[in-house]
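**Q** heads up, no residue letters with this:
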């Protein structure tokens, strides 16, 4: 088969396959007389091949280390453009035109295949490479390997120049490369082992620090647990004391209810007796007009006194349940202030409870069917003056809702209508919200509410206005200061 002409423009892949040793292109073939056919198909003259080299060419190619193979490719690629065009094999002519930085990278496989398959090309390229290598090339061409030379460079030059014993040089270089690779691997393993040991030491130090932190945290948690246990014991003691106090209060309340029931029964019996006597008196009056005429004045006086006594007994019962019984009559106050009472014992004056005491307010709200009436702005401007009027109303109404839910009492809060606003939220259950009409004040509306209630019903009016307090007291209500309600709300 004749070789393709230098002007052949086949693709690079075909050129590479043409350089494959398994598919010789005819660029180099041995003849019986040692001649060769030229790369362009013509005779290029007989070129002699040493007899020893010809014998070695029949031996299989040695296995080259990767570093040696790459160095051979690099040297051949660098020297390839220096060959004349007629001495360059056809598959490498296109490679020779590549840029220097692409020649070895893109045409490395074609160059390696051509070096292995074409001894003449190898001799030509080796001559240039050995010459460029200087003293090292001359030493390798003579079959010597300088001790200080790079084994990869020596193996590459020996492979190309192929002096006597070149296989030993290539094998020695391979052993050296493998030894260096093994040394590098061992050194890498040693570094990795040292790094693992350092990481292990670091992890041990970190674990020790974490263990110290955990011990400190455990000590702190144990201390907090001890404090919590102490607080739990204190809370349990306080709970037991509160339960005991609650039981005592319940017993006292039951006792007071029993007394009230007994007083009410006695009062009802007395009323029935009085009615019986009244009926008897009326019967006697009808049976004897004459005697009744004479005794009418006395009977009327006794009847009036009896009814007055009954009314005073009912009023005293109400005061006893709420504030305790009074031991003085209006005349006693006048006598104490303006007259002496010979031989009379000085009466002890009962201590009145503070009108701002929330405990007294609780006692009054505990009365059955109590009605709590609140002067709205009088309370809010004393307790929540820093808020807006809308926030004051909302705060007060919400607190009164809690009292209504807790006591079950009727609650009415009254505001002046001059500042009434629309769109108020719905009042809580049991709380009545009122605004005075135009021209009226909340004070007058409170007095109207008090006058509308039946006599004897417990009425509690919250206002620090002295005029309001005096006015409702005359109608049987119990006035309390605004601070009593403020304290009661803050306690809730």
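**A** Nice, I can see it. Values in this document were obtained by computation on a predicted structure and should not be read as measured data. Residues are numbered from 1 along each chain as shown.

**Q** okay, CA-based contacts and neighbour counts for the rest of this
**A** OK.

**Q** helices or strands next to the lengthiest helix in the chain in the packing?
**A** If you go by DSSP state H, the chain has its longest helix at helix 166-287. On a contact count with 3 or more Cα pairs under 8 Å, 6 or more residues apart in numbering; DSSP states H and E, helix 166-287 meets helix 151-161, helix 289-322.

**Q** switch to 6 Å and redo it
**A** helix 151-161 (3 or more Cα pairs under 6 Å, 6 or more residues apart in numbering; DSSP states H and E).

**Q** between the helix it packs on and helix 166-287, how big is the angle?
**A** 130 degrees (axes from the mean of the first three to the mean of the last three Cα atoms, to 10 degrees).

**Q** Show me what helix 151-161 is in contact with.
**A** 68, 72, 126, 141, 166, 169-170, 173 (Cα atoms under 6 Å, 6 or more residues apart in numbering).

**Q** could you redo the last one with a cut-off of 7 Å?
**A** 67-68, 71-72, 122-123, 126, 130, 137, 140-141, 145, 166, 169-170, 173, 176 (Cα atoms under 7 Å, 6 or more residues apart in numbering).

**Q** Likewise for stretch 129-147?
**A** 75, 79, 154, 157-158, 161, 163-166.

**Q** one more time with 10 Å, if that's ok
**A** Stretch 129-147 is contacted by residues 72, 75-76, 78-80, 123, 126-128, 149-151, 153-166, 168-169, 172-173 when judged by Cα atoms under 10 Å, 6 or more residues apart in numbering.

**Q** Check the offset of that stretch from the chain's centre.
**A** From the chain centre to the centre of stretch 129-147 is a distance of 76 Å (Cα atoms, centre = their mean, to the nearest Å).

**Q** If you count neighbours, what's buried in it?
**A** Buried positions in stretch 129-147, judged by neighbour count with 16 or more other Cα atoms under 10 Å: 129-130, 136-145.

**Q** Tally up the residues packed near the residue lying closest to residue 379 once chain neighbours are set aside, please.
**A** Leaving aside its sequence neighbours, residue 379 sits nearest to residue 482 (Cα to Cα, 6 or more residues apart in numbering; 5.1 Å). Residue 482 sits with 28 neighbouring residues when counted by other Cα atoms under 10 Å.

**Q** Relative to residue 454, how far out is residue 482?
**A** 25 Å (Cα to Cα, to the nearest Å).

**Q** Could you do residue 97 as well?
**A** 125 Å.

**Q** show me the contacts for residue 229.
**A** If you count contacts by Cα under 10 Å, 6+ apart, then residue 229 has 223, 235 around it.

**Q** which SS state does residue 149 fall under?
**A** coil (DSSP: H, G, I helix; E, B strand; the rest coil).

**Q** how far away is it from residue 156?
**A** 12 Å.

**Q** more neighbours, these two?
**A** Each of residue 149 and residue 156 has its neighbours counted (other Cα under 10 Å); residue 156 has more, 29 against 10.

**Q** any idea how far residue 169 is from the more buried one?
**A** Taking Cα to Cα, one finds residue 156 at 9 Å from residue 169.

**Q** Repeat that for residue 186.
**A** Using Cα to Cα, residue 186 is found at 25 Å from residue 169.

**Q** more crowded one of these two?
**A** Using other Cα under 10 Å, the more surrounded residue of residue 186 and residue 169 is residue 169, with 25 against 12.

**Q** which residue sits closest to that one, ignoring its sequence neighbours?
**A** residue 155 (5.9 Å).

**Q** What pLDDT is listed against that neighbour?
**A** Reported pLDDT at residue 155 in the predicted model: 79.

**Q** Can you report how many residues lie near it?
**A** 30.

**Q** quick one, what contacts the residue nearest to residue 379?
**A** 355-358, 374-383, 461-465, 488.

**Q** hmm, try it at 7 Å
**A** Counting by Cα under 7 Å, 6+ apart, residue 482 has contacts 356, 379, 462-464.

**Q** which secondary structure element contains residue 110?
**A** helix 100-117 (DSSP states H and E).

**Q** Quick check: next helix or strand after that helix?
**A** Next element after helix 100-117 (DSSP H and E): helix 119-133.

**Q** mean confidence score for whatever helix or strand comes next after that next one?
**A** As assigned by DSSP H and E, the chain's next helix or strand after helix 119-133 is helix 135-141. Mean per-residue pLDDT for helix 135-141: 75.

**Q** Could you list the low-pLDDT ranges of the chain?
**A** In the predicted model, the chain carries pLDDT under 70 at residues 1-59, 147-148, 291-292, 294-354, 418-423, 492.

**Q** any idea how it splits into domains?
**A** As given by automatic domain parsing, the domain ranges for the chain are 12-42+52-164, 181-312, 358-491.

**Q** related to what we said a few turns ago, buried among the contacts of stretch 129-147? Need that as a selection in ChimeraX.
**A** With 16+ other Cα under 10 Å as the criterion, this ChimeraX line picks the buried residues out of the contacts of stretch 129-147:
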select :72,75,76,78,79,80,123,126,127,128,151,153,154,155,156,157,158,159,160,161,162,163,164,166,169,172,173
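
**Q** and the nearest residue to residue 111 once chain neighbours are set aside, which of the three is it?
**A** Excluding the flanking residues, the one nearest residue 111 by Cα to Cα, 6+ apart is residue 73, at 6.5 Å. State at residue 73, reduced to three classes by three-state DSSP: helix.

**Q** Tell me how many other residues crowd residue 73.
**A** 23.

**Q** you'd agree it is up against residue 109?
**A** No. At 8.2 Å, residue 73 and residue 109 do not qualify as touching, with contact defined as Cα atoms under 7 Å.

**Q** Tell me which residues touch residue 123, please.
**A** residue 161.

**Q** Okay then, goodbye and thanks.
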